[in-house]
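Asker: sequence first, then the predicted structure, then my questions.
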Amino acid sequence: MLKSFSVRTRSRTQFVNITPEVEEAVAEFGLTDGAVLVYVPHTTAAVTINESADPDVVRDLNGKLSELVPSSPNYFHAEGNSDAHIKSTLVGCSETILVRDGALVFGTWQGIFFCEFDGPRTRRVVVGTL
Ligand code: ZN
């Protein structure tokens with residue numbers, strides 16, 4: 001089973017908590033035990049799992065990524081967004097999440113974040129059963 005939803009980002013880089021949308025997809029699938037793949041079909045965005053309790057955690061992740069991979073006119077790619085492409089590859093475009101008793105198997109603080117690296121844009125996230 002497959003489902004997609006859109007994410008509207010509001011700045012060039014932004015981490016958006018998409019845990020509720022993924023939980024909704026699991027409920028729609030009627031999946032009780034198994035796994036889902038959360039997939040981002042973009043080359044300048046990504047998905048990651050990290051702490052969702054303190055918003056400063058993803059703020060730090062986003063800030064450190066920009067420090068490690070700065071925007072620069074010195075890349076070859078003429079579109080001017082190579083920093084976003086590099087961050088996308090570093091973070092990755094999918095996450096696999098186990099499902100037990102209809103719920104995501106998560107630790108207390110974990111959440112799923114869509115990572116925008118070249119916004120603002122309307123993006124798509126795909127959730128599929130495995
Ligand atoms: Zn590009």
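Answerer: Alright, I've got the coordinates.
Asker: in this protein, what residue comes closest to the ion?
Answerer: Glu79 (3.6 Å; CB to the ion). Any C-beta I mention is one placed from the backbone N, CA and C, and that applies to glycine too.
Asker: okay, now that residue: neighbour count?
Answerer: Here the number of neighbours of Glu79 (other CB atoms under 10 Å) works out to 10.
Asker: name the SS class of it, please.
Answerer: coil (DSSP: H, G, I helix; E, B strand; the rest coil).
Asker: so for it, what's the pLDDT?
Answerer: Per-residue pLDDT puts Glu79 at 96.
Asker: one more: Thr108?
Answerer: Thr108 carries a pLDDT score of 96 in this model.
Asker: what are the phi and psi values at the residue of the chain closest to the ion?
Answerer: Main-chain torsions, Glu79, degrees, to the nearest 10: phi -70, psi -20.
Asker: how many residues are close by Phe15?
Answerer: As a burial measure, Phe15 scores 24 neighbours (other CB under 10 Å).
Asker: what of Val105?
Answerer: By the criterion of other CB under 10 Å, Val105 has 12 neighbours.
Asker: which residues touch it?
Answerer: When contacts are counted by CB atoms under 8 Å, 6 or more residues apart in numbering, Val105 touches Ile97, Leu98, Val99.
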